[in-house]
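> return a 3D structure for these sequence lines:
(chains A and B)
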There are 2 protein chains.
Amino acid sequence: MSFSITDPSPRLTVDIVIFCLRKGELQTLLVKRGIEPFRDCWALPGGFVLYNESPDAAAQRELAEEAGIMHVYLEQLYTFGAPERDPRGHVVTVAYYALIPSADIYLQAGSDAIDAAWHNVQAPPPLAFDHAHILQYAVQRLRYKLEYTAAGFHLLPDEFTLSELQTAYEIVLNEKLDKRNFRRKLAESGVLVSTDRYRGGSEGRPALLYRYREDADPEVKARRLFP
Amino acid sequence: MSFSITDPSPRLTVDIVIFCLRKGELQTLLVKRGIEPFRDCWALPGGFVLYNESPDAAAQRELAEEAGIMHVYLEQLYTFGAPERDPRGHVVTVAYYALIPSADIYLQAGSDAIDAAWHNVQAPPPLAFDHAHILQYAVQRLRYKLEYTAAGFHLLPDEFTLSELQTAYEIVLNEKLDKRNFRRKLAESGVLVSTDRYRGGSEGRPALLYRYREDADPEVKARRLFP
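The predicted structure follows:
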């Protein structure tokens, strides 16, 4: 390549906000850093982008290495690059968020992480770098996606009751939803199909199980503001 | 900084898709490259991110240097980083798009551009790097933004008739819209306010001029799929 390596240039990392509905909360997976800077501090999983590795591939690699997670919904969030965000020097990070339907995954400590644990996004511990800001941005994006698209199904098991779906929305949006309104909008959106299976509801009466339509493309199914 | 500069690391650039409605088309500003690679080829305006310069600041600097454009709507689009996208080596680019309300701006050739001109996004010339892909992606994002948010006003003059607004939407979306439907949705969205001024319409009858509400936040005014 024709670049001079003596040219100062920002370094590039990826960081991933991994969302999961656990214990009635929207949680995210954090790793405890085993190296400086911010040693022993919680951080988003992530790491440097290798030469000849796309940021997308780096995010997938870090997901696998640090959290043992593969084949999940992964979307680029935003690229953060304020010069002061890393004490080592100028590091630009491409942030991603991942949606996983179940927390029953194997957590493995990556090479620079000494611990990993799920945390409520509403009350995270102090985070390294600008990761608290990135987490907050990711929560906003997830809420937006849930309101405008059918992306929510990535957080749910394959089949679910309408009550379970409403609960999932309420947890992510952090607000109570009107049941009648919610079901009417769902019916209008046409993203769900009913199965022929039931699950015993908490109030005794078995509840019909639904799943998302296989062609429920998040973008296509969203409502349009203009005709 | 504690990084070894002999570590190979991707380099970082920014590229900007500048949108403007001109001559009944959605157009974008392209620059002709004066240096290798892709010398004499059209490309999106852009350049390397400097050390201790955020990508956002780099995009604003390139907008000013290569196109003389300042104080316009600028939004990060996506970060593209396939290893093969630049023949010089691995270059990751943070892509942006800008919306400008008028093309009456001074075009200046930047240090590595020998020409600059507006092109119809529907029929661009062959573009350097993966810029054709980035342009296509930006057009999709703009259409999405226009359908779901009030971002369109950044492409319009401060005051406009409803016919002019519909024409703007039709140009960007590349489809004819039903006038009655369009006006009903507009009224429902509540993003416009009428002025007390009129402009002579093409059919003779003066048309009332409108403007966007000052608090017409693009995100807030978008419709929600779920309650």
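
> just the angle between the longest helix along chain A and helix B:131-148, please?
Scanning chain A for the helix with the most residues, using DSSP state H, yields helix A:131-148. Relative orientation of helix A:131-148 versus helix B:131-148 (axes from the mean of the first three to the mean of the last three C-alpha atoms, to 10 degrees): 60 degrees.

> the lengthiest strand in chain A - contacts with which helices or strands?
Counting residues, the longest strand in chain A under DSSP state E turns out to be strand A:11-22. With contacts taken as 3 or more C-beta pairs under 8 Å, 6 or more residues apart in numbering or on different chains; DSSP states H and E, strand A:11-22 sits against strand A:25-33, strand A:46-48, helix A:55-67, strand A:91-99, helix A:131-148, helix A:162-173. The way it works is simple: take the backbone N, C-alpha and C, and place the C-beta from them, glycine included.

> any idea which of these gets closest to B:K185?
helix A:131-148 (16.0 Å; C-beta to C-beta).

> domain map for chain A?
Domains of chain A are assigned by automatic domain parsing as A:11-147, A:150-212.

> just say which of those domains is most tucked in.
domain A:11-147 (a mean of 19; mean count of other C-beta atoms under 10 Å in any protein chain shown).

> ok now that one, how far from the chain's centre?
9 Å (C-alpha atoms, centre = their mean, to the nearest Å).

> mean confidence for it?
Average pLDDT, domain A:11-147: 90.

> coming back round to it: so for B:A116, which of the helices and strands packed on strand A:11-22 sits nearest?
strand A:91-99 (27.2 Å).

> check which helices and strands the helix or strand following that closest one sits against.
Moving toward the C-terminus from strand A:91-99, the next helix or strand (DSSP states H and E) is strand A:113-120. Counting contacts by 3+ C-beta pairs under 8 Å, 6+ apart, strand A:113-120 packs against strand A:25-33, helix A:55-67.

> got the contact list for the closest residue to A:V91 other than its chain neighbours?
The shortest distance from A:V91 to any non-neighbouring residue, by C-beta to C-beta, 6 or more residues apart in numbering or on different chains, is to A:R11 (4.8 Å). Residues near A:R11 by C-beta atoms under 8 Å, 6 or more residues apart in numbering or on different chains: A:48, A:89-92, B:3, B:9.

> now A:A98
Applying C-beta under 8 Å, 6+ apart, the residues near A:A98 are A:16-19, A:63, A:69, A:72-75.

> among those residues, which pair sits farthest apart?
Every pair of these checked by C-beta to C-beta; the farthest is A:I69 and A:E75, at 14.1 Å.

> what strands line up against the one helix or strand A:L77 maps to, and which way round?
Per DSSP H and E, A:L77 falls inside strand A:73-80. In the sheet containing strand A:73-80, its partner strands are strand A:91-99 (antiparallel), by DSSP bridges.

> now the strand it pairs with against strand A:25-33, angle please.
Using the same axes, to 10 degrees: strand A:91-99 against strand A:25-33 is 140 degrees.
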